[in-house]
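J.: heads up, no residue letters with this:
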């Protein structure tokens, strides 16, 4: 992949940053996104600021509708919200080259499976993204936090094994992203790192959205901290039941890392779920805490605290939509 033809399917905050940095590194990048954002990029370039430096990237191909995509791509990076994964997979199904690969760079669970329904597991990789970005205005993206390298890898447990070719492809894509200035590593099984981030998201995102607090503020409140402890405990029990190879002996060990390392590194950050709730009236709660509830029920467990947060976010979504329709 010396010069790779890349489609970023979902030019939001994360997709814009990744696409811009890859294009600046010499790859042929197309952004698929919303018209207002793309119009600003076409006019003035894409302005990247924050922890990855200051850049103005020009010359990317831009499309606000899948029907306007030109040709086929060696690599598709799927960065849409989880509830749009199936529809975007259908929309770009004919855009992936014969030897191409699509990578889910999304929060939550179920995205890899949704992409595999369209492309097959042999052409799908997962990505754990744990840097934060926001779009302060159309045509710009600001990187706010960078906790760990992007992790790229297959999910062998989902389809009974993994080919050496797919592992090699994951290593190549991780190297491609890393060489573009975004720290990235390959892994043989992406699911443990996705689950590790899921534990972080299910604790912080819904409470941050409901109370409009930063991650540091959530951890500093004793009552909210107690709720997060219970959310993590329920999710960790599900992961253990499913035999996910988490790098922690128990939920207590994870919480030491959560409060001691992860939150300090992202203390001022607020979840994108807050932005989505206030501006769209729709969030990715069902792919986060909702998946914990679903998998707990399948496994003979219960997750009442996660279930309560799902209900609260759904109620808040309805209230936002009702308010915007007045």
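T.: Nice, I can see it. Please read these numbers as outputs of a predicted model, since none were measured by experiment.
J.: quick one: the helices in this protein, in order.
T.: Ranges of helices in the chain, per DSSP state H, are 13-24, 35-44, 85-91, 111-119, 164-179, 191-211, 215-220, 222-241, 251-257, 263-265, 272-279, 289-298, 304-324.
J.: and these: which comes nearest residue 145?
T.: helix 263-265 (6.6 Å; CB to CB). The C-beta positions use only the backbone N, C-alpha and C, and glycine is treated the same way.
J.: sorry, back to before: need the helices of the chain in CSV (columns: mean pLDDT, mean neighbour count and distance to residue 73).
T.: Below are the helices of the chain laid out as CSV (pLDDT from 0 to 100; neighbours: other CB atoms under 10 Å; distance: least, CB to CB, whole Å):
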stretch, mean pLDDT, mean neighbour count, distance to residue 73
helix 13-24, 97, 25, 12
helix 35-44, 98, 16, 17
helix 85-91, 97, 18, 13
helix 111-119, 97, 20, 12
helix 164-179, 95, 18, 13
helix 191-211, 97, 23, 23
helix 215-220, 98, 18, 35
helix 222-241, 98, 18, 34
helix 251-257, 98, 16, 37
helix 263-265, 91, 16, 33
helix 272-279, 94, 18, 26
helix 289-298, 98, 21, 29
helix 304-324, 96, 16, 33
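J.: so which of those comes closest to residue 61?
T.: Nearest to residue 61, of all these, is helix 13-24, at 9.2 Å by CB to CB.
J.: got the contact list for the closest one?
T.: 4, 6, 8-9, 11, 29, 31, 33, 37, 46, 48, 52, 55, 57, 59-60, 77, 79, 105, 129, 131, 133-135, 141, 143, 176-177, 180-182, 272 (CB atoms under 8 Å, 6 or more residues apart in numbering).
J.: do the same with stretch 226-233
T.: Around stretch 226-233, the neighbours that count as contacts under CB under 8 Å, 6+ apart are 199, 202-204, 207, 218-219, 251, 254-255, 258, 289, 305-306, 309.
J.: any chance of a markdown table for the helices of the chain, columns distance to residue 68?
T.: Output for the helices of the chain, formatted as a markdown table (distance: least, CB to CB, whole Å):
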| stretch | distance to residue 68 |
| --- | --- |
| helix 13-24 | 16 |
| helix 35-44 | 10 |
| helix 85-91 | 11 |
| helix 111-119 | 20 |
| helix 164-179 | 25 |
| helix 191-211 | 32 |
| helix 215-220 | 38 |
| helix 222-241 | 40 |
| helix 251-257 | 44 |
| helix 263-265 | 39 |
| helix 272-279 | 25 |
| helix 289-298 | 33 |
| helix 304-324 | 29 |
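J.: so which of the ones you listed gets nearest residue 97?
T.: Per CB to CB, nearest to residue 97 of the helices of the chain: helix 111-119, 11.5 Å.
J.: show me where the stretch 51-200 of the chain has its strands.
T.: For the stretch 51-200 of the chain, applying DSSP state E, counting those that start in this stretch gives strands covering 55-57, 61-63, 73-78, 96-104, 124-128, 131-134, 140-146, 150-153, 184-186.
J.: so which elements touch the fifth one?
T.: Using 3 or more CB pairs under 8 Å, 6 or more residues apart in numbering; DSSP states H and E, the elements in contact with strand 124-128 are strand 96-104, helix 111-119, strand 150-153, helix 164-179, helix 191-211.
J.: okay, these in TSV with distance to residue 243 next?
T.: Listed next are those as TSV, based on distance: least, CB to CB, whole Å:
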stretch	distance to residue 243
strand 96-104	21
helix 111-119	17
strand 150-153	17
helix 164-179	21
helix 191-211	10
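J.: just give the number of residues close to residue 124.
T.: Neighbour count for residue 124, taken as other CB atoms under 10 Å: 27.
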